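Undergrad: Provided below for reference: sequence and predicted model.
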Amino acid sequence: MSAESVDTFRARAAAWLADNRHHAPRDYGAICPPDLVSEGVAWQKRIFEAGFAGLHWPAEHGGQNLSPAFHGAWVEECAKAGVPPVLNMVGLVLAGGAVMAFGTPEQKAQHLRATLSAESVWCQLFSEPGAGSDLGSLSTRAERDGDRFIINGQKVWCSGGRCSNWGILMARTNFDAKKHEGISFFLMPMDLPGIEVRPLKQMTGESEFDEVFFTDVELPAEHLIGPLNGGWGVGMAVLTNERGHIGASVIGLERRLESMSALGRGRGLNTSERQELTTLLSKGTAYKAMAQTQGPVASTASSLMKLGITEMMFDVSMLRADISGADAMLEGPDAMGMLSAPGARIAGGSSQVQKNIIGERLLGLPREPK
Ligand SMILES: Cc1cc2nc3c(=O)[nH]c(=O)nc-3n(C[C@H](O)[C@H](O)[C@H](O)COP(=O)(O)OP(=O)(O)OC[C@H]3O[C@@H](n4cnc5c(N)ncnc54)[C@H](O)[C@@H]3O)c2cc1C
């Protein structure tokens, strides 16, 4: 146990970040885009070597054995410095969380340190053309054949698939059981024969996602994680870890409110644009107040925050484009903002799905008919 207090740690982290932030890629959010992966990997290695990676992971696996409060302080200081706190949420939160909670000692030894030091870069192989919001309907097959599983199927919207050497995969292992009871969770080396990764072009012109095709891929059985046919439980447990640290969200929101207030400066807004901007600023201030009352970690209000902030940012992008007029049709930040805003409403659970959660779990409305 360290004798260092969270406050002393926070000051040490802030000082290190002030000295090192010029080595960091721009703050890209939860998932490193393909064009920044080499910078992101170098940044994660630097964080690891300085002893700021895996603060709440066990020391025997490269972590620092500290409490989650230290990790929270790190994430907040990174948000203040405007740098990514980790290379990629899929590796450091989802894959790491799965291995920590469900991994065998061999899986922990193989993956945890390698993830912290960015030797392993992870992608998430969950969504399929017929299974997104309704992930339980996934149909990628993993059939047991002696000491291996044979994988066949297709995944889609895999962020950074082509830059990852490992993936977390959910696939069907029992074809007779109820849909959520026949799924298993695997750690997938992305270089196995039979895996084909095809970039998808987005309307922004970029290609952050890939389609991933599996044809008779022979996956050694040692890469099953958690119980056979118990992968739904593993998936849901790790997705719960996906909730961001609320303190960092408040800092991010403050930045967004500042840049929103700057929207009208020097542009001579008309009455309706001014009213729209004032409405959005009031909403943003209300979300900030809500986040501040949540305590250190997001709770049931995370769906409200996710829904509110992504919808607000979508409206801000549209207003910004309106204010720019014809310029928004040209290449540049206004057009880019408008084209990338819809993605945030879908990633991590669409706005409609968040509304279902809020209706059923927070408001106690009747459950959605199956
Ligand atoms: C930026 C981004 C990054 C992503 N990264 C990854 C990744 O790395 N790995 C990965 O596996 N996936 C990833 N995804 C995929 C993401 O998880 C899915 O897009 C999401 O779950 C929605 O699934 P879908 O696209 O199949 O839409 P669908 O589920 O088919 O939904 C279509 C429409 O129907 C609505 N809808 C669906 N069900 C309901 C319901 N029950 N009630 C009301 N409305 C409903 C939805 O809101 C949506 O408007 C990413 C997506 C985005 C946008």
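TA: The structure has been received and is ready for your questions. Treat the numbers as computed from the prediction; the structure is a model and nothing was measured.
Undergrad: For the closest residue to the ligand within the stretch 1-150 of the chain, give me its contacts.
TA: Across the stretch 1-150 of the chain, no residue is closer to the ligand than G132, which sits at 1.9 Å (Cβ to the nearest ligand atom). No exception for glycine: its C-beta is placed from N, CA and C like everyone else's. Each residue near G132 by Cβ atoms under 8 Å, 6 or more residues apart in numbering is listed here: W157, S350.
Undergrad: can you pull the pLDDT of it?
TA: With respect to pLDDT, G132 scores 94.
Undergrad: ok, now how distant is it from E368?
TA: 16 Å (Cβ to Cβ, to the nearest Å).
Undergrad: next one: E273
TA: Distance from E273 to E368, counting by Cβ to Cβ: 37 Å.
Undergrad: In terms of neighbours, single out the busier of those two.
TA: E273 (16 against 9; other Cβ atoms under 10 Å).
Undergrad: Spatially nearest residue to that one, not counting backbone neighbours?
TA: I323 (5.8 Å; Cβ to Cβ, 6 or more residues apart in numbering).
Undergrad: burial of the one you found, as a residue count?
TA: 19.
Undergrad: I'd assumed R274 was in contact with it.
TA: No - look at I323 against R274 with Cβ atoms under 8 Å: they stay out of range, at 10.2 Å.
Undergrad: shared neighbours of the two, anything?
TA: Common neighbours of I323 and R274 (Cβ under 8 Å, 6+ apart) are G264.
Undergrad: any idea which helix or strand comes after the strand or helix carrying D322?
TA: According to DSSP states H and E, D322 maps onto helix 302-324. Going down the chain from helix 302-324, the next helix or strand is helix 333-346, by DSSP H and E.
Undergrad: what's that following helix packed up against?
TA: helix 302-324 (3 or more Cβ pairs under 8 Å, 6 or more residues apart in numbering; DSSP states H and E).
Undergrad: Could you tell me the angle between the helix it packs on and helix 333-346?
TA: 160 degrees (axes from the mean of the first three to the mean of the last three Cα atoms, to 10 degrees).
Undergrad: Flag every buried residue along helix 302-324.
TA: Using 16 or more other Cβ atoms under 10 Å as the burial criterion, the residues of helix 302-324 that qualify are 302-317, 319-324.
Undergrad: Would you mind pulling up the elements that it packs against?
TA: helix 246-261, helix 271-292, helix 333-346, helix 351-357.
Undergrad: So it, near the ligand or not?
TA: No - with Cβ under 6 Å from any ligand atom as the criterion, the ligand is not reached by helix 302-324; the gap is at least 10.3 Å.
Undergrad: Could you give me the buried positions within the helix or strand hosting K80?
TA: Element membership of K80, judged by DSSP H and E, is helix 68-81. Neighbour counts over helix 68-81 (16+ other Cβ under 10 Å) mark A69, F70, H71, G72, A73, W74, V75, E76, E77, C78, A79, A81 as buried.
Undergrad: any idea how far the ligand is from W232?
TA: 15 Å (Cβ to the nearest ligand atom, to the nearest Å).
Undergrad: Quick check: that residue is in a strand.
TA: No - per DSSP: H, G, I helix; E, B strand; the rest coil, W232 lies outside any strand segment and is helix.
Undergrad: and it, what pLDDT?
TA: So, for W232, pLDDT stands at 97.
Undergrad: Contacts only, for it.
TA: Per Cβ under 8 Å, 6+ apart, neighbours of W232: G136, M170, H180, E181, I183.
Undergrad: Tell me which residues touch the first one, please.
TA: Spelled out, it's G136. Contacts of G136 by Cβ under 8 Å, 6+ apart are K179, H180, I183, W232.
Undergrad: what's the burial count for the residue lying closest to G308 once chain neighbours are set aside?
TA: Distances taken as Cβ to Cβ, 6+ apart put Y287 closest to G308, at 5.0 Å, once the chain neighbours are dropped. Counted with other Cβ under 10 Å, the neighbours of Y287 add up to 21.
Undergrad: Distance check, Y287 against the ligand.
TA: 20 Å.
Undergrad: my read: that residue touches M312, true?
TA: Yes - between Y287 and M312 a contact is recorded at 7.1 Å, counting by Cβ under 8 Å.
Undergrad: Just give the nearest non-adjacent residue to I31, would you?
TA: In space, I31 is closest to S159, 4.6 Å off (Cβ to Cβ, 6+ apart).
Undergrad: Thought E211 was touching that neighbour, still the case?
TA: No - in terms of Cβ under 8 Å, S159 does not count as a neighbour of E211; the distance is 11.9 Å.
Undergrad: more neighbours, the two?
TA: Higher neighbour count among S159 and E211: S159, with 20 against 17, using other Cβ under 10 Å.
Undergrad: Quick one: classify S120 as helix, strand or coil.
TA: coil.
Undergrad: still on that earlier bit, list just the nearest of the contacts of G136 to D19.
TA: Lowest distance from D19 to the contacts of G136 (Cβ to Cβ) belongs to W232, with 44.5 Å.
Undergrad: Heading C-terminal from the strand or helix carrying A142, find the next helix or strand.
TA: Assigned by DSSP H and E, A142 belongs to strand 141-145. As assigned by DSSP H and E, the chain's next helix or strand after strand 141-145 is strand 148-159.
Undergrad: do the next helix or strand after that next one and the ligand meet?
TA: Per DSSP H and E, strand 148-159 leads on to strand 166-172 as the next helix or strand towards the C-terminus. No - using Cβ under 6 Å from any ligand atom, strand 166-172 never reaches the ligand; the gap is at least 8.4 Å.
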